[in-house]
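> sequence? don't have it. structure:
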């Protein structure tokens, strides 16, 4: 049984003939102000293509970074998600562990957000949703974008890893012999979604040395 085996939200009573269709898989996607906003955008597009139900939170500085780094507009990006929440909306469903989701990706993830999650400081919806994911023992992937790394950054990474999160620095995969930056982005997005047993089929996988 894989990580994402479809499950119904409710089990019919014994002897009932009621058939309840399994729900769609659900993933929270959060954008922070770190560089690399295209990674988050491509992640949303990939999840949409895979028919995954998405819950999007975009920070104030993420909006600024998106405008600076890409040609996408904020309305464009919001339209890629099934549900969109304001970062200050602590009443959102994803702020509660009783709301069923299958995991969360923070991409890109700033070291500020990393520190908030590591410390359990739930002062906005991104850090609160991540805290919920950890306490409910669900999959949390943090695409941390920072270099070089200080001792504080490394300690925070160790702390969240020990709590169950996965640190995924989007490191360029030069072994695929990329012909464009797009190839590197697709590879990083595909490898992140591999962690949820989701196959984008949009990048080349390693199959051993190839003869020229």
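Received it, and whenever you're ready, just let me know what you need. Here the structure is a predicted model, which means the values were calculated and not measured.

> Please make it C-alpha for all contacts and neighbour counts, starting now.
OK.

> Quick check: the closest residue to residue 163 other than its chain neighbours vs residue 99, distance?
Counting by CA to CA, 6 or more residues apart in numbering, residue 163 lies nearest to residue 134, which is 6.7 Å off, once chain neighbours are set aside. Separation of residue 134 from residue 99 (CA to CA, to the nearest Å) stands at 14 Å.

> Please say which of the two ends up with more neighbours.
Neighbour totals were compared for residue 134 and residue 99, and residue 134 leads with 20 against 12 (other CA atoms under 10 Å).

> I'd say that one and residue 162 touch.
No - Residue 134 is beyond contact range of residue 162, at 10.3 Å (criterion: CA atoms under 8 Å).

> picking that back up, assign a three-state SS to the residue nearest to residue 163, would you?
What DSSP: H, G, I helix; E, B strand; the rest coil gives for residue 134 is helix.

> Would you enumerate the residues in contact with it?
Listed by CA atoms under 8 Å, 6 or more residues apart in numbering, the contact set of residue 134 reads 140, 163, 164, 165.

> Which of those residues ranks first by neighbour count?
Within those, neighbour counts (other CA under 10 Å) peak at residue 140, which reaches 28 neighbours.

> Provide the partner residues of that residue in its beta bridges.
residue 104 (DSSP bridges).

> Quickly note the distance from it to residue 75.
Distance from residue 140 to residue 75, by CA to CA: 26 Å.

> same for the stretch of helix or strand residue 107 belongs to, what does it pack against?
Using DSSP states H and E, residue 107 falls within strand 103-109. Applying 3 or more CA pairs under 8 Å, 6 or more residues apart in numbering; DSSP states H and E, one finds that strand 103-109 contacts strand 26-31, helix 37-49, helix 125-135, strand 139-144.
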